[in-house]
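Engineer: take this sequence and fold it.
(one chain, ligands or ions: 2)
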Amino acid sequence: REVVSLHRDPDVLLLHDVLTAGECEELIETALSQGLERSPVAYAGWTKDVAELGRLWASGPGIWLGLCAVLVAFNVFGMQDKPHLAAVAAGTWTATTAAATAAAGAFAQHRAQGLIQLRTSSSVALQSGPSPPELKIMRRLAACLPTSTPAQFEALTVIRYEPGQSLAPHFDANRVPEEDLRRGGQTLATLLVYLTDHLSGGGETRFNRLDLDVSPNRGQACLFFPADAEGTFDPRLEHEGRPLLGSDDKWIARVWVHASRVECGGLPPATLAALGGGS
Ligand SMILES: O=C(O)CCC(=O)C(=O)O
Ligand SMILES: [Fe+2]
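Structural biologist: Ligands and ions are numbered 1, 2, ... in the order given. Next up is the predicted model:
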């Protein structure tokens, strides 16, 4: 069971004979029977962003604008009556805070929409199993990563690209290692198992900054390390799934390995148990 180095420093590895053609088919069938959905793109922060921008406005510019409105009412329009002036201040504060919150919301929506366009594939995280191909992948990955345990693995995600679909250049790791703690924190390793081959054009996994195109055969896998063992983000591992040009679909199965136990979205308990505890 051969491991080939495709790139040194940073390491990008090609693993031979991870799955047989039949096992690749089996995973595709399992994914189809569970049902695939438009692939998500993480942008967890958006509701928080909106609330924060609203609060920021309410405590800073909103108050100043309220005071300005009072000055204008008093000096320009000669308004003397205190309750009226208070109403002008409060009204200005409320209206501009609402407008700022709405603008922030629209911006966040826009940003989320933009992110969704980055990944046009469909996918499913396998929760049934464990099926033999799933266990085979996890065992092979565990053997490659002696310092990690399966509790740090995310569930196997099967991804389908149809003609024209792609994944824009991105990083699997977070710039800030503390992000995404429920998902086990920093992404230390990515395994991509290729379930189809002889693609009729496009569909390579491209590492732009390494000038490396990877397009393995069915049953092979690519392993790389988006952050180092200390969790430091490695910008050299930017990569993308090139647009699929031909008429065949591209199918891959992905496992992300995190710095700590994955609380949310990890391997199903039965899979962990089958792998031997998952401590
Ligand atoms: O489709 C590919 O070749 C790359 C997939 C990938 O980078 C990802 O799912 O994070
Ligand atoms: Fe990726």
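
Engineer: check the stretch 101-250 of the chain for the residue nearest ligand 1 and tell me.
Structural biologist: Using C-beta to the nearest ligand atom, the closest approach of the stretch 101-250 of the chain to ligand 1 is made by G241 at 2.9 Å. Backbone N, C-alpha and C define where each C-beta goes, glycine included.

Engineer: against E204, how distant is that residue?
Structural biologist: 8 Å (C-beta to C-beta, to the nearest Å).

Engineer: got it, and E26?
Structural biologist: Taking C-beta to C-beta, one finds E26 at 25 Å from E204.

Engineer: and if you look at G164?
Structural biologist: 15 Å.

Engineer: look at the closest residue to L85 other than its chain neighbours and give its secondary structure.
Structural biologist: Leaving aside its chain neighbours, L85 sits nearest to V70 (5.1 Å; criterion: C-beta to C-beta, 6 or more residues apart in numbering). At V70 the chain is in helix, as set by DSSP: H, G, I helix; E, B strand; the rest coil.

Engineer: could you check the pLDDT of V70?
Structural biologist: pLDDT, V70: 81.

Engineer: thinking it is in contact with A87, fair?
Structural biologist: No: using C-beta atoms under 8 Å, V70 makes no contact with A87, being 9.8 Å away.

Engineer: quick one: which of the two has more around it?
Structural biologist: A count of neighbours by other C-beta atoms under 10 Å puts V70 above the other of V70 and A87, at 19 against 14.

Engineer: quick one, what contacts the more buried one?
Structural biologist: 85, 88-89 (C-beta atoms under 8 Å, 6 or more residues apart in numbering).

Engineer: what's the answer for L212, then?
Structural biologist: Per C-beta under 8 Å, 6+ apart, neighbours of L212: 6-7, 12, 206.

Engineer: all strands for this protein, in order.
Structural biologist: Using DSSP state E, the strands of the chain run over residues 3-7, 12-15, 37-38, 122-125, 157-161, 167-170, 187-194, 205-207, 212-214, 221-224, 239-241, 250-258.

Engineer: partner strands of the second one and their direction?
Structural biologist: Right, strand 12-15. Using DSSP bridges, strand 12-15 pairs in its sheet with strand 3-7 (antiparallel), strand 221-224 (antiparallel).

Engineer: what is the mean pLDDT for that strand?
Structural biologist: Mean predicted lDDT for strand 12-15 stands at 97.

Engineer: and what of the fourth one?
Structural biologist: When pLDDT is averaged along strand 122-125, the result is 93.

Engineer: what does the stretch 51-200 of the chain have sitting close to ligand 1?
Structural biologist: Counting by C-beta under 6 Å from any ligand atom, the residues of the stretch 51-200 of the chain close to ligand 1 are 159, 167, 172, 192.
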